[in-house]
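Colleague: Sequence first, predicted coordinates after that:
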Amino acid sequence: MDINAVKSSYKIWAPVYDKTFGAITTVGRKRAIGHINSRQGKVLEVGVGTGLSLKHYKPHLQITGIDVSPHMLAKARKKVAKRGLSHVKDIQEMDARAMKLPDNHFDTVVAMYLVSVVPDPELVVAEMTRVCKPGGEVLIVNHFAREKGALSVVEKAFAPFANKIGWHSDFSIHRILGEDDLSVQGQSKLPPLGMFTFLRMEKQGGNARLN
Ligand SMILES: C[S@@+](CC[C@H](N)C(=O)[O-])C[C@H]1O[C@@H](n2cnc3c(N)ncnc32)[C@H](O)[C@@H]1O
């Protein structure tokens, strides 16, 4: 899927997203944010979309959100203004493959339901790693392809329609596990039917900073 297809797709999704895909993916969002709320500091949410997550972050955190779709972001900005979410410091239109953000800056970098949507997921994870502080966490919530079983057949059947539905149904987790600076800390399956995964990774070098 190229970036123009992503933008076109999310222009169509934006008005209905919260009541459709957004509604069935609440569990993963709450699980990741529950974890982030136990942490401190600056959080970057990559592919923040319509901002469904924003009201769930605790006020001790400083949240930055980026997304490539102006239509999804317009919804997010509306939520921030309507609810007075003062912990949301910055919402920017930006391509996650080339972030205009400093190195080693955020304590936590999270992408929910993004990696199977972007054209170059490896590049996005490399960028997430770059902007994360050493010892910080890179978190991913996503659907990953099953290796076998009836649902794996369904996933493969939907794969050719990626440009229409806006995500790759047969996306392999191995595409995002190649970053040398990240070590996997945990991987849990989420309902419904273990369809989604919450993946926790840590950026190396946290102790080196203290020496
Ligand atoms: C399925 S939505 C998920 C939105 C949000 N994370 C959530 O939990 O509801 C995927 C989002 O990724 C965004 N996206 C896709 N490619 C992107 C890119 N290269 N850079 C930034 N955002 C991107 C889309 O515009 C869309 O808002």
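Modeller: Noted; the coordinates are in hand.
Colleague: quick one, what contacts Val138?
Modeller: 109-110, 125, 128-129, 132, 179, 182, 201-203 (CB atoms under 8 Å, 6 or more residues apart in numbering). To be clear about C-beta, it is placed using only N, CA and C from the backbone, and glycine gets the same treatment.
Colleague: same thing but at 10 Å, please
Modeller: For Val138, the contact set (CB atoms under 10 Å, 6 or more residues apart in numbering) comprises 44, 46, 106, 108-111, 125, 128-129, 131-132, 176, 179, 181-182, 185, 199-203.
Colleague: Doesn't it belong to a strand?
Modeller: Yes. Assignment of Val138 by DSSP: H, G, I helix; E, B strand; the rest coil places it within a strand.
Colleague: Quick one: neighbours of the closest residue to it other than its chain neighbours, just the number.
Modeller: Among residues not flanking Val138 along the chain, Met201 sits closest, at 4.6 Å (CB to CB, 6 or more residues apart in numbering). Residues contacting Met201 under the criterion other CB atoms under 10 Å number 25.
Colleague: Next, Met201: secondary structure please.
Modeller: strand.
Colleague: Now do it against the ligand, distance only.
Modeller: Distance of Met201 to the ligand, computed by CB to the nearest ligand atom, to the nearest Å: 17 Å.
Colleague: Quick one, grab the pLDDT at that residue.
Modeller: Looking at Met201, its pLDDT stands at 98.
Colleague: how many other residues sit next to whichever residue of the chain sits closest to the ligand?
Modeller: Residue of the chain nearest the ligand, by CB to the nearest ligand atom: Gly49 (2.6 Å). Using other CB under 10 Å, Gly49 has 27 neighbouring residues.
Colleague: show me where this structure has strands.
Modeller: Under the criterion DSSP state E, the chain carries strands at the ranges 42-46, 62-67, 88-93, 106-112, 132-143, 182-190, 196-203.
Colleague: quick check, distance from the shortest one to the centre of its chain.
Modeller: Its chain's average C-alpha position is 9 Å from that of strand 42-46, according to CA atoms, centre = their mean, to the nearest Å.
Colleague: in that strand, what counts as buried?
Modeller: By 16 or more other CB atoms under 10 Å, the buried positions in strand 42-46 come out as 42-46.
Colleague: Pull up the pairing partners for it, direction included.
Modeller: Neighbouring strands of strand 42-46 in its sheet, by DSSP bridges, are strand 62-67 (parallel), strand 106-112 (parallel).
Colleague: Pick the most buried one from the ones you listed.
Modeller: strand 106-112 (a mean of 24; mean count of other CB atoms under 10 Å).
Colleague: Quick one, grab the pLDDT at the residue of the chain closest to the ligand.
Modeller: pLDDT, Gly49: 98.
Colleague: Need the nearest residue in space to the residue nearest the centre of the chain, chain neighbours excluded.
Modeller: Residue closest to the average C-alpha location in the chain (CA atoms, centre = their mean): Ala111, at 1.4 Å. Among residues not flanking Ala111 along the chain, Val46 sits closest, at 4.4 Å (CB to CB, 6+ apart).
Colleague: any idea how far Thr108 is from that neighbour?
Modeller: 11 Å (CB to CB, to the nearest Å).
Colleague: Report the beta-bridge partner residues of Val184.
Modeller: Going by DSSP bridges, Val184 forms beta bridges with Met201.
Colleague: What of Val109?
Modeller: Using DSSP bridges, the beta-bridge partners of Val109 come out as Leu44, Val138.
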